[in-house]
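> coords please:
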Amino acid sequence: MCISLSRLVKVPFSRSSKDTFYDLFIRNHIPTTGLEKTLLLIRSTLNGIRRPADSNSVACITEITGKRSLIKLHQLMADDPEGSKILKNRLLIDSTVYSKSKLRMLPKDSLGRKLVEFLDIYNFKLDRPPVRYVDDEDLAYVMYRHRQMHDILHVAFELNVTVEAEVALKCIEMMHSGMPMSLFGSIFGLIITPILRIRPIDPILNNSKIPIKSIDPSDPIQFHPDCDNYEHTLYPDQKEYLYPVRTTIKELLPWAYNAEKCMKRNIYTVIVENWFDKPLSEFQDYMGIKPPPPNLSKYTRIRPHPYY
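Prediction:
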């Protein structure tokens with residue numbers, strides 16, 4: 001069944017904040033025909049296969065394939081008292097509203113503090129890529145809000161940025177928002193998930209004096225430097241052997257499915273900004289968010305150099 005834009009509920013939005021998103025939309029929107037969108041989708045998909053970490057390709061695919069899901073998500077938000085406020089005020093979680101320095105001043109265990117710590121650990125920015133190929137301004141905002149929630153979900157579910165953790169999060173996002181790209185990302189991510197990861201058991205040994213080289217997240221076998229040195233490699237009982245693909249299929253994906261089913265609220269209808277100064281644990285309880293069990297923490301825990 002075709003979903004028409006004419007059925008989209010138009011929620012009046014506030015211009016009291018100088019209509020920051022409207023300005024972002026006008027400056028970044030790129031008008032394209034249906035044929036051009038199809039060609040962009042094909043080229044971006046091919047480029048994404050060659051370079052899975054290319055955020056521009058991922059963003060393009062998400063925007064072009066997500067129209068039906070965006071309409072449904074907009075309706076879900078419009079029908080919710082809190083969600084309609086988000087649409088009306090077009091709330092943004094970016095550097096125009098928040099600074100990392102102010103987030104660092106929040107209480108230690110608060111959601112906002114945990115968010116900035118996550119961004120700092122992985123050298124991420126608070127700003128997300130702009131929406132370019134969604135032609136309707138209201139849907140473009142929903143797309144941007146969806147994009148802004150990604151790192152919030154990382155923090156709330158206590159997931160790092162390894163391929164297996166991203167696959168689990170994409171599964172949650174797919175069930176939560178219905179975005180086709182989240183499904184594609186889960187499937188393709190599973191294909192490129194490392195088969196084996198070897199690193200030191202002892203945390204002291206994990207602080208290697210050997211420079212940690214750049215690593216491709218999709219390398220089939222990932223070695224810590226101290227486990228890949230012919231003359232000085234560690235002994236077997238000093239090494240930890242991880243099996244990301246096996247664990248993702250048998251444990252992480254089942255956990256992700258059940259975790260999303262346990263959620264009490266749809267995060268896209270929640271003003272998460274109101275929780276920035278409150279304990280992360282309270283936000284998790286309110287949302288019904290259950291992080292991975294302790295036995296999966298070696299795959300999912302937020303920490304520097306998660307591949308090691």
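> going forward, measure contacts between C-alpha atoms and count neighbours the same way
Noted.
> quick one: the helices in the stretch 151-300 of the chain, in order.
With helices called from DSSP state H, counting those that start in this stretch, the stretch 151-300 of the chain shows them at 163-177, 180-192, 203-206, 244-247, 253-261, 280-287, 297-300.
> can you flag the weakest of those helices by average pLDDT?
Per-segment confidence across the helices of the stretch 151-300 of the chain bottoms out at helix 203-206, which has a mean of 52 in mean pLDDT.
> quick revisit: out of the helices of the stretch 151-300 of the chain, nearest to M77?
Checking those against M77 by Cα to Cα gives helix 163-177 as the closest, at 11.1 Å.
> who's in contact with the closest one?
Outside helix 163-177, the residues within contact range by Cα atoms under 8 Å, 6 or more residues apart in numbering are 69, 73, 153-154, 159-160, 179-183, 185-187, 189-190, 192-194, 217-218, 244-245, 248, 252-253, 256-257, 259-260, 266, 299-300.
> which residues touch I271?
Listed by Cα under 8 Å, 6+ apart, the contact partners of I271 are 82-83, 86.
> read off the pLDDT value for L106.
L106 is assigned a pLDDT of 95 by the prediction.
> did I read that right, it in a strand?
No - if the criterion is DSSP: H, G, I helix; E, B strand; the rest coil, then L106 is coil and not within a strand.
> that one: what's it in contact with?
Applying Cα under 8 Å, 6+ apart, the residues contacting L106 are 112-113, 276-277.
> I figured Y133 hits I26, correct?
No - counting by Cα atoms under 8 Å, no contact exists between Y133 and I26, whose distance comes to 11.7 Å.
> lowest-scoring secondary structure element of the chain by mean pLDDT?
helix 203-206 (a mean of 52; mean pLDDT, DSSP states H and E).
> which strands and helices sit next to the helix or strand harbouring T38?
Under the criterion DSSP states H and E, the helix or strand holding T38 is helix 34-50. Here helix 34-50 touches helix 55-65, going by 3 or more Cα pairs under 8 Å, 6 or more residues apart in numbering; DSSP states H and E.
> mind checking how far the helix or strand following the helix it packs on is from the chain centre?
For helix 55-65, the succeeding helix or strand toward the C-terminus, using DSSP H and E, is helix 67-78. Offset of helix 67-78 from its chain centre (Cα atoms, centre = their mean, to the nearest Å): 19 Å.
> helix 67-78 - contacts with which helices or strands?
Packed against helix 67-78 by the contact rule (3+ Cα pairs under 8 Å, 6+ apart) you find helix 81-89, helix 137-156.
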